[in-house]
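Peer 1: Here you go, sequence then predicted model.
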Amino acid sequence: MSTSGSVLPSAVAAPSVATLYVDHHSWLKSWLHRRLGSAEHAADLAQDTFLRLLNSERIPAQLDEPRAYLTTVAKNLMSNHWRREKLEQAYLDALAHAPRDVGLSPEARAMMLETLVELDRLLDGLPPIVRQAFLLSQLDGHTHAQIAQELAISVPTVKRYLVKALQRCYFADLSFVG
């Protein structure tokens, strides 16, 4: 109580993930099912949404629109899901067009795909032109001059972009050590 006799409003506690799950899981799963067309993928992404919340320390203190918040998290996960599917399909297409004597074992293919998905995850959040410069350098073997010409940027800019992408990969790797 304040000295003027008025009562200060009490802070609204952040909803727990358990409360959000109980109140909105079935709705979120239905929402995802309508967008994905697959009950199985919808169930997986709904679970992933709540796992993301459990691992996050950023649930707002006051959540006026919990469904809007959940859909934002779920949309990000859907975007990642579709990007992984496109990456996997591009990889499978490349394998289909590769010479037959390249014969990779299923284990080697799985490891290669896992590496591509991890690389995609590490580069997520970088501007598209930085990602493109990095991929042209690392996957296509282009020189800095070739990348500069293809992207219509200067060679020093190419170098800055490559450093930025390499730093992202290097420091992400270090974060798993601790």
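Peer 2: Structure's in. What do you need? Numbers count the residues shown, from 1 in each chain.
Peer 1: show me where pLDDT drops low in the protein?
Peer 2: 1-15, 57, 61, 91-92, 94-103, 172-178 (pLDDT under 70).
Peer 1: switch to 50 and redo it
Peer 2: 1-13, 174-178 (pLDDT under 50).
Peer 1: what are the ranges of the helices in it?
Peer 2: 17-36, 39-55, 66-97, 106-123, 128-138, 144-151, 155-175 (DSSP state H).
Peer 1: Need the winner for burial among the ones you listed.
Peer 2: Highest mean neighbour count among the helices of the chain (mean count of other CB atoms under 10 Å): helix 128-138, with a mean of 18. C-betas here are computed from N, CA, C, even on glycine.
Peer 1: and it, what does it pack onto?
Peer 2: Judged by 3 or more CB pairs under 8 Å, 6 or more residues apart in numbering; DSSP states H and E, helix 128-138 is in contact with helix 106-123, helix 144-151, helix 155-175.
Peer 1: export the ones you listed to TSV and tack on distance to residue 51?
Peer 2: Shown next, in TSV, are these (distance: least, CB to CB, whole Å):
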stretch	distance to residue 51
helix 106-123	16
helix 144-151	37
helix 155-175	19
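Peer 1: Quick one: closest of those helices to residue 130.
Peer 2: helix 155-175 (4.5 Å; CB to CB).
Peer 1: Tell me who's in contact with the most centrally placed residue in the chain.
Peer 2: The centre of the chain sits closest to residue 80, judged by CA atoms, centre = their mean, with a distance of 4.7 Å. By CB atoms under 8 Å, 6 or more residues apart in numbering, the contact set of residue 80 is 121, 124.
Peer 1: Residue 36 touches residue 46, doesn't it?
Peer 2: No. Contact criterion CB atoms under 8 Å: residue 36 and residue 46 do not qualify, at 10.3 Å.
Peer 1: Looking at the helices and strands packed on helix 128-138, spot the one closest to residue 41.
Peer 2: The closest of those to residue 41 is helix 106-123. By CB to CB, the value is 16.5 Å.
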